Structures are given as C-alpha cells and as structure tokens.
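Student: Have a look at this prediction, sequence included:
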Amino acid sequence: PNDTYFSKQWGLRNDGSMTGIGPVKVNADVDMDLAWDIETGDPNLTVAVIDSGFKMDHPELAGRIWVNSGEIPNNGIDDDGNGLIDDYQGWDFANNDNAPIDDHGHGTNCAGIILAKGNNGVGYAGANWNSKLMVLKALDANNSGTYAWMINSIYYAVDKGAKVISMSIGGSSFSQALKDAVDYAYAHNVVFVACMMNFNNEVAYYPAAFDNVIAVGSTDANDYRTAPFFWSSTSGSNFGTHIDVVAPGNYIYGLSNTSNTDYSYYWGGTSQATPLVAGIVSLILSKNNSLTVNEVRNILFQSSADLVGRPTEDTVGWDKYMGWGRVNANNALKNPILASSNIDKNQKYLTVVNPILDNIIINSNQLVGDFEIKIYAMDGKLLYQQSTKIKQGNNMISPKIEAGAYLMSVESAQYKKTFKVLKY
C-alpha cells in the first residue's frame, strides 16, 4: 500500500531494512501485503475493541465507526431499551457515558492496528481496510479497568452484532462472571482474541487463559518471542499452557489519541500482537462469514509458521512459548474453506479444536448420528474407545490421556475421518 509510513510496519512486511528495533530477520512477518491481494475487509463486518477508547475523529477510520441503528443520537432517551442512553457509537463503561473517547492512547493504537485505512496515502495501514470499529471503553485514563467494565463490554459487543472481539487487557484473578461473558461470546459465534500479558512468566491472566479465547503472545522482528520489550529489561511476552499463537508485537507504530497527523508513536506488548491477530481473523470472516469460531481457530492455527522462534523454545507443533506458531495472514486466507467456489452450505463434516485440555471438542456441521471414537498413540496402540451420539454443533468427550500427540478416528456407518490431536 502507499501509506506514508508503511515501511515502519515490519510486522506486516519485513524486508530486513528497518533499524533500531533489535535483530531483524527478513520475512519475520505475517505476509500481510500478500494477504491483501486476497481480502481487504468486509464493510458489513464489525470488530469490537474493548480498551481505553478511540480518537473518534481520526481520519484513518472516517465513516467506519460502528453506529447503533437502534439509537437516536443525543435525544436523552434509551431508544433501543438496553439500559444505556444515547449509546449511538459504543459506550464508555469506565465513566458510564456515551463518549468512549481515548484519554490514554492504548486503545487508539490497538484499534488502528486492526482497522486503519490502507492504501490512502497517509499514515499506516491496518490489517482490515473496510470493516467497522465498535468502540467500547473498559480502561480509564490510567489504563486501569475492572472486570465489571470488561464483562459489560463483552455482552454489549455480542448483543450488538460484533463478529470479532479484540481485548488487550488482562487480570490475574479468576472470575466466573468474566468466564461466563467469554462463553456467551463463543455461544453466539463471536471470535474472542486476548493478550497473554507482558511479565515474561507463565502466570495465567484472564480472559486469555479461558478455553474459548484465542490467546496471543508477541514476537520481535527476528521471529523470536519478545523478551524483553523495548520499555523494560524485565518484561517479556508471557507463555504457558493456554497460549495459542504469537504475532509481531514490539516496536509497533500506530495512530495517536492526541493528534490526527502525528505518526511518530510506537508501542510494544502482547497488546499490539493481539489486534493484529484479530485483524487477520476479521479478514478470514470477511472472506467467509458463515464460519464457526472453531473453524476460524483451526484455520489460524494450521496456517501459522512453526519452528521460527528460539530453538530452545519453538519446538515442533504446539509449544508453551509460541503456541501453534507465528500467524500468517496470507496462508490463512488461502485455506480452501475460504474459497467461495468451494463452499457448500449443505456439506456435512466434523472438525476438532486443537490443542485440548481435559476435553476434546468435536464440532459437527450437520453430520449427526451414532459414532465410534478411538484414540491411538502415535505408534498405533489403542488407548481409548467410546460409542457416542454426535449432534450438530459442539460435542465433548473426556478421555483420560496424558499430555502429548495422538490420532483420533471418528467413524459411523457412512463416515470415517482421522484427526491429529494434541493435549497439553
């Protein structure tokens, strides 16, 4: 694209020429420039960014801030009956008003990574050039927030039709109410993307640690897990058993919350990696909006680049430092399921969500009936067998198997398929 400072966006296209950002490896990026040849975003799709708000008048998103069609602006009436008065363009849950203006900067940077207009001759290019931004403010001027603000934002996003939620926020305390909100998004087929946090440890932070979230870590310009970020020698991209993927997240230039023309600011954190993944997810759904959350996850995981990080961390397949690998937008958009000519709305098939924790989730698209499930060690030894009824949607089995890689066959009188599953 012809955006003035696109050359600084090494995470989208890394030709090795950028300096001052540490070691640089050519092609340590998400191949976004190639992905744009396939998809630049559906104007009818909405991405909710739950953060510190957004600079609502920024020209990079002119005409693309989501509008609540059920609300008449500034008439002092709760027209859509959701308990919020004049929530015409999102809501500020931190200050309980209808102006989700960014008074910190974090939210504007994150939203721009996803949705800044590309190929418009100025500034930077977001991953998605056409879709809508739903602004939900759950962080105050100090970049602090409560679970209540986050939870209310999630329910709002789902109920108002967002297809993707990007949330670069985390708390260390488990909250059942927050989990319920995340599960509500999953049940309504909304893809939820959240950050791992930046403490260079494997402490679980929420919502990233919940099963129904795509948890994102950060990489540097040499494809290594970020440790440290530029702003602290003790910082680093968190890791652990719940991580799914990683993406470029250090020295990420973006939009300013105080100026429409200042493009000198850069940020670093899993907070910046997360919206890039959310942006790629929004392109996947722009290509095929009928996909389930599980199908989107599988496309993202299968297309990620493996064995690109530190040799001591990035091992074959899933690992706790890099998850399934560094995301690749071009590979994701080339998945055959996204080609409109290959989509059969009546096709009956099964998919399996990887990796697994205690339960294996088998998702059925219209394929139902009596099935025999067998799980084998990689050497062919039968470890588990179960007869079960498969219904449309998510089906759960709970085999008692150790962490590792396995083969699982799912067979009925008319159907048989073998899946590779990974338990951690």
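Tutor: Nice, thanks for sending it over. Please read these numbers as outputs of a predicted model, since none were measured by experiment.
Student: how about low-confidence regions in the stretch 151-300 of the chain?
Tutor: Within the stretch 151-300 of the chain, no stretch has pLDDT under 70.
Student: now the helices: where do they sit in it?
Tutor: Along the stretch 151-300 of the chain, the stretches classed as helices by DSSP state H, counting those that start in this stretch are 176-187, 270-287, 293-302.
Student: and Asn250, which of those is closest to it?
Tutor: Among the helices of the stretch 151-300 of the chain, helix 270-287 comes nearest to Asn250, with 7.6 Å by C-beta to C-beta. Heads up, the C-betas are built off the backbone N, CA and C, glycines and all.
Student: just the helices in the stretch 301-424 of the chain please.
Tutor: Under DSSP H, counting those that start in this stretch, the stretch 301-424 of the chain gives helices at 329-333.
Student: Point out where it drops to low pLDDT.
Tutor: Ranges of the stretch 301-424 of the chain meeting pLDDT under 70: 339-347.
Student: Could you pull out the strands in it for me?
Tutor: In the stretch 301-424 of the chain, the strands defined using DSSP state E, counting those that start in this stretch lie at 349-352, 360-365, 369-376, 382-390, 393-397, 404-411, 416-423.
Student: Can you add mean neighbour count and distance to Tyr124 and give these back as CSV?
Tutor: CSV is the format used below for those (neighbours: other C-beta atoms under 10 Å; distance: least, C-beta to C-beta, whole Å):
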stretch, mean neighbour count, distance to Tyr124
strand 349-352, 16, 35
strand 360-365, 20, 36
strand 369-376, 16, 47
strand 382-390, 13, 46
strand 393-397, 15, 38
strand 404-411, 17, 40
strand 416-423, 14, 36
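Student: Now render those as CSV, adding distance to Arg326.
Tutor: Shown next, in CSV, are the strands of the stretch 301-424 of the chain (distance: least, C-beta to C-beta, whole Å):
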stretch, distance to Arg326
strand 349-352, 23
strand 360-365, 25
strand 369-376, 29
strand 382-390, 32
strand 393-397, 28
strand 404-411, 20
strand 416-423, 18
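Student: mind checking which of these is nearest Tyr155?
Tutor: Proximity to Tyr155 (C-beta to C-beta) singles out strand 393-397 among the strands of the stretch 301-424 of the chain, at 20.8 Å.
Student: Export only the CA atoms of that closest one, formatted as PDB.
Tutor: What follows is strand 393-397, C-alpha atoms only, in PDB (Å, rounded to 0.1, in the frame of the first residue of the first chain):
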ATOM      1  CA  GLY A 393     -22.700 -28.100  17.000                       C
ATOM      2  CA  ASN A 394     -20.100 -28.900  19.700                       C
ATOM      3  CA  ASN A 395     -19.800 -32.400  21.200                       C
ATOM      4  CA  MET A 396     -17.500 -33.100  24.100                       C
ATOM      5  CA  ILE A 397     -15.600 -36.300  25.100                       C
END
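Student: Which strands or helices does it pack on?
Tutor: Packing partners of strand 393-397 (3 or more C-beta pairs under 8 Å, 6 or more residues apart in numbering; DSSP states H and E): strand 360-365, strand 382-390.
Student: Okay, now the sheet partners of it, with direction.
Tutor: Applying DSSP bridges to the sheet, strand 393-397 is found paired with strand 360-365 (antiparallel).
Student: Between strand 382-390 and the strand it pairs with, find me the angle.
Tutor: Angle, strand 360-365 to strand 382-390, by axes from the mean of the first three to the mean of the last three C-alpha atoms, to 10 degrees: 40 degrees.
Student: Other residues contacting strand 360-365?
Tutor: 292, 294-295, 347-353, 390-399, 408, 410, 421 (C-beta atoms under 8 Å, 6 or more residues apart in numbering).
Student: Just send the helices and strands packed on strand 393-397 back as a markdown table, with distance to Asn44 too.
Tutor: Shown next, in a markdown table, are those (distance: least, C-beta to C-beta, whole Å):
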| stretch | distance to Asn44 |
| --- | --- |
| strand 360-365 | 23 |
| strand 382-390 | 33 |
